[in-house]
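>>> coords please:
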Amino acid sequence: MVTPDSLALSLPTAGGAAGAWHAVVSFGRRKPVAAVSAFVILLLLTVAVFAPQIARYPYDEPHVRDRLQGPSVSYWLGTDGTGRDTFSRLVYGARVTMIVSVGAVVLATVVAGTIGIVTGYFGGLVDTAVQRLVDVWMSLPGLVLIISVVAVFGTGITQLLVILGFVFAGGTSRVIRSATITIRSSVYIEAAHAVGAPHVRVMLRYILPNVLPTMIVVATVQLGAVILVESALSFLGYGVPPPFPSWGAMLNTSTTQHMLKQPMLSVWPGLAITCTVFSFNMLGDGLRDVLDPRMRGSR
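Next up is the predicted model:
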């Protein structure tokens, strides 16, 4: 656990950069699969940021004479039913996936962290009242709720980000609350109360650093789940509106209209979704083994 003394000792020093590089190399040696997954995720983030420079054509530019073409020098992954370049649409689809997934998980982590730390720290009536609301929150069917809200407020990146963030925050708050309950009985928390430290300072200075590893691991795993939900919504027509590309929408169009004539159109977005979700899950598993003291040395 993070105590005031250990936190002071862990502050960056002159060799902070070398220490960080050593930690990265050590993580790669101990968890090679997680390290490769982290590289894949970093590559996806780079593709999402520099999509206009990487894509060969605009994502909505049709080439009617080249409809349903296979992979070639001009079209690396072929074209869809309207002649749009599949590779370019996959590149721009990575931007949608990264924005929605990262934004939703950040929102879910902030909301869940606030609820979990506050209720776990105070306990009593506050904990009971809020957790009953969380029970109702978690009992709602997530996909049906998301579709209903999107149908009312419309489709778009902002709507998806906010809705997915609040849907995933409920279960995460339970995990953070459990970690907070374990930490609040520590000696240094009682010492902080004895010297008159305010509740906000105790939660931010002593409890948050201890639950932060748990929050990071849960957030990393949730990224894969958010991508799957966003792809499912786009497949059903409730995702980002066209013509902006989404991997789920690309999978829907290629499967329902051109599966027999050009089956590879469904392979590329499906492979992109699979690799991304797998990478986030493996990275989360590796971070759990490294950040959780109970898992160190167990493998």
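>>> Low-confidence bits of the protein, can you list those?
1-17, 19, 253-257, 292-299 (pLDDT under 70).
>>> Mind checking which residue lies nearest the centre of it?
Central residue of the chain (CA atoms, centre = their mean): residue 223, 2.2 Å from the mean position.
>>> Can you list phi and psi of that residue for me?
phi -60, psi -40 (degrees, to the nearest 10).
>>> Kindly report the same for residue 78.
With angles defined as degrees, to the nearest 10, residue 78 sits at phi 90, psi -170.
>>> Thought residue 89 was touching it, still the case?
No. Counting by CB atoms under 8 Å, residue 89 is not a contact partner of residue 78; they are 10.7 Å apart. For every residue, glycine as well, the C-beta is placed using N, CA and C.
>>> So between these two, which is more surrounded?
Using other CB atoms under 10 Å as the criterion, residue 78 and residue 89 rank with residue 89 on top: 27 against 19.
>>> Where does the more buried one sit: helix, strand or coil?
What DSSP: H, G, I helix; E, B strand; the rest coil gives for residue 89 is helix.
>>> Also residue 171?
helix.
>>> Repeat that for residue 70.
Going by three-state DSSP: residue 70 is coil.
>>> quick one: the residue lying closest to it once chain neighbours are set aside from residue 68, how far?
Closest residue to residue 70 apart from its sequence neighbours, by CB to CB, 6 or more residues apart in numbering: residue 78 at 4.9 Å. Distance of residue 78 to residue 68, given as CB to CB, to the nearest Å: 8 Å.
>>> Next: residue 219.
Counting by CB to CB, the gap from residue 219 to residue 68 is 40 Å.
>>> between the two, who's got more neighbours?
Higher neighbour count among residue 219 and residue 68: residue 219, with 22 against 16, using other CB under 10 Å.
>>> Which parts of the stretch 1-150 of the chain are helices?
Counting by DSSP state H, counting those that start in this stretch, the stretch 1-150 of the chain has helices at residues 4-9, 16-30, 32-49, 51-54, 86-122, 124-139, 142-153.
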